[in-house]
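# okay, here's the prediction I keep looking at, along with the sequence it came from:
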Amino acid sequence: MSSIVGLIPVLAIVTIQLLLLGSVSSLNVTNEYLHHQCINSQGKYKKGSPFENNLNSLLRSLPTTGNLRTGFHDTSNGEGPNEVYLRRRCPGNKGAIIWYDQCLLRISTIHGYGKVDYDHKFYLSNPNKVSGNPLSFNKETSAFLEKLTYKASDTKNVDNLSMVLYAAGEKKLGTKNLYAMVQCTKDLAFNSCLACLKWILREFPKCCDGKSGGRVLSTSCNFRYELYPFLRT
């Protein structure tokens, strides 16, 4: 949905993207808040402005998880140079991101559909450390996440001709089971998904060194691993 130029600047284009697990969801049915970022570089809008009116209208029409079958939604409302794409918890910000356990919502003045967002990410880690050899655990966990990365971004990974861009699995580590998943937003191509997942996997040493669980989330892709089941099919 590209910007429309040459029109009277009275309306805003708003794009909202949601990333859900589709047929797979978290065992955490409360979908708790995880993190948010206000994108101050994209400026503010005034109360009662056309931008705010279009944004509020679009947020009210946001699809529910019940009818969001593909796990991804991108929509717009309005036209003109006041382009926008997610927002919440950042009053007046034209750009914002909010992550929940099972979804993310993004508004931006930059149309990022089909492009990897390399500017916004964060990570969470399990406070518990692994028992035994942490170096060996790190190596095996990283290798398993990399294996899932290539599976998720494989051109053969389709469902009814639709790209899945998702993979999950479990692996035996000694007496324990390792559970992991990787995922990209469905606007990405296979090669873009692979690039995004490789990018966030480089954060593994920062988030997850010797930790029994961890996850890195951007607006374009994410990964998670734990020593307990955290997904519900």
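Thanks, I have it.
# pull the CA atoms of the strand or helix carrying residue 215 into PDB?
If you go by DSSP states H and E, residue 215 is part of strand 214-218. Output of strand 214-218 as PDB, limited to C-alpha atoms (Å, rounded to 0.1, in the frame of the first residue of the first chain):
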ATOM      1  CA  GLY A 214      15.000 -17.200  26.000                       C
ATOM      2  CA  ARG A 215      13.400 -15.400  23.100                       C
ATOM      3  CA  VAL A 216      14.300 -12.600  20.700                       C
ATOM      4  CA  LEU A 217      11.500 -10.600  19.100                       C
ATOM      5  CA  SER A 218      11.600  -8.100  16.300                       C
END
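# residues in contact with it?
Around strand 214-218, the neighbours that count as contacts under C-beta atoms under 8 Å, 6 or more residues apart in numbering are 34-35, 99, 104, 117-118, 120-126, 196, 199-201, 203-204, 207-208, 222-225. (Each C-beta comes from the backbone N, C-alpha and C, glycine too.)
# among these, name the buried ones.
99, 104, 117, 120-126, 196, 199-201, 203-204, 207-208, 222-225 (16 or more other C-beta atoms under 10 Å).
# out of those residues, which sit inside helices?
196, 199-201, 204, 207-208 (DSSP state H).
# what lines up beside the strand holding residue 215 in the sheet?
Strand 214-218 sits in its sheet next to strand 121-125 (antiparallel), strand 221-226 (antiparallel), going by DSSP bridges.
# so which of those strands is nearest residue 166?
strand 221-226 (9.9 Å; C-beta to C-beta).
# starting at the chain centroid, how far to the closest one?
10 Å (C-alpha atoms, centre = their mean, to the nearest Å).
# now the angle between strand 221-226 and the longest helix anywhere in the chain, please.
For the chain, the helix reaching the highest residue count under DSSP H is reported as helix 134-152. Per axes from the mean of the first three to the mean of the last three C-alpha atoms, to 10 degrees, the angle that helix 134-152 makes with strand 221-226 is 140 degrees.
# tell me which other helices or strands helix 134-152 touches.
Judged by 3 or more C-beta pairs under 8 Å, 6 or more residues apart in numbering; DSSP states H and E, the packing partners of helix 134-152 are strand 166-173, strand 176-184, helix 190-201, helix 204-208, strand 221-226.
# most neighbours per residue, which of those?
Most buried of the helices and strands packed on helix 134-152, by mean neighbour count (mean count of other C-beta atoms under 10 Å): strand 221-226, with a mean of 24.
# which SSE is immediately downstream of that strand?
Counting by DSSP H and E, what follows strand 221-226 is strand 231-232.
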